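Asker: structure for this input, please:
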Amino acid sequence: MMRTDGGFVRVVLRLAQAEAVADQSPSVEAEHMLLALTAPQGGQARDLLAEAGLDHTAVQLALAADVERSLALVGVRLAAGRMPRSSYFPGRKPRLGASAKWVLHRAVAASRGGPANRIEPRHVLVGLLNARVGSVPRALDLAGIDRPALIARALAG
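Answerer: So this is what the prediction gives:
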């Protein structure tokens, strides 16, 4: 039977929710989970990201570059430092979005058959790195991250 490190998963989701609130996003998405993993509580996932050159600021810059690039593709230019905001409803707690749910689904898949048979920080990271579409893979590609190599390091334990 699959067990989760409920404490870790709860911490990451709480941190991701705080990132979504700071971003004024109505939902917690994969990018918020990636930012959450850069926090000190991210444990081995944070260490792997740091080894790849990704701290909180670097992830924020990569995500911003993705937004700017995506908007430029459709002819929209942003004023310096003026990122667009999502629709925001003050006082309403952001809900888990589709991309975050898929991260958790892929984290469970990555953890199957492991020695502890539980979701660890590295599995959540693998869940993020295995995304094929969306802002996280585009931002990581813009940052020059070798996702397959980072996945291999994460799975090596």
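Asker: my guess is R69 contacts A143, does it?
Answerer: No. Counting by CB atoms under 8 Å, R69 stays clear of A143, with 11.9 Å between them. Heads up, the C-betas are built off the backbone N, CA and C, glycines and all.
Asker: the more surrounded of these two?
Answerer: The neighbour comparison of R69 against A143 (other CB atoms under 10 Å) goes to A143, with 17 against 12.
Asker: which residue sits closest to that one, ignoring its sequence neighbours?
Answerer: Spatial nearest neighbour of A143, chain neighbours left out: A62 (4.1 Å); criterion: CB to CB, 6 or more residues apart in numbering.
Asker: now for the helix or strand hosting that neighbour, which elements pack on it?
Answerer: Using DSSP states H and E, A62 maps to helix 56-73. Helices and strands touching helix 56-73, as assessed by 3 or more CB pairs under 8 Å, 6 or more residues apart in numbering; DSSP states H and E, comprise helix 30-37, helix 135-142.
Asker: low pLDDT regions in this protein?
Answerer: Low-confidence segments of the chain (pLDDT under 70): 1-6, 78-89, 114-117.
Asker: mind running it again at 50?
Answerer: Residue ranges of the chain with pLDDT under 50: 1-4.
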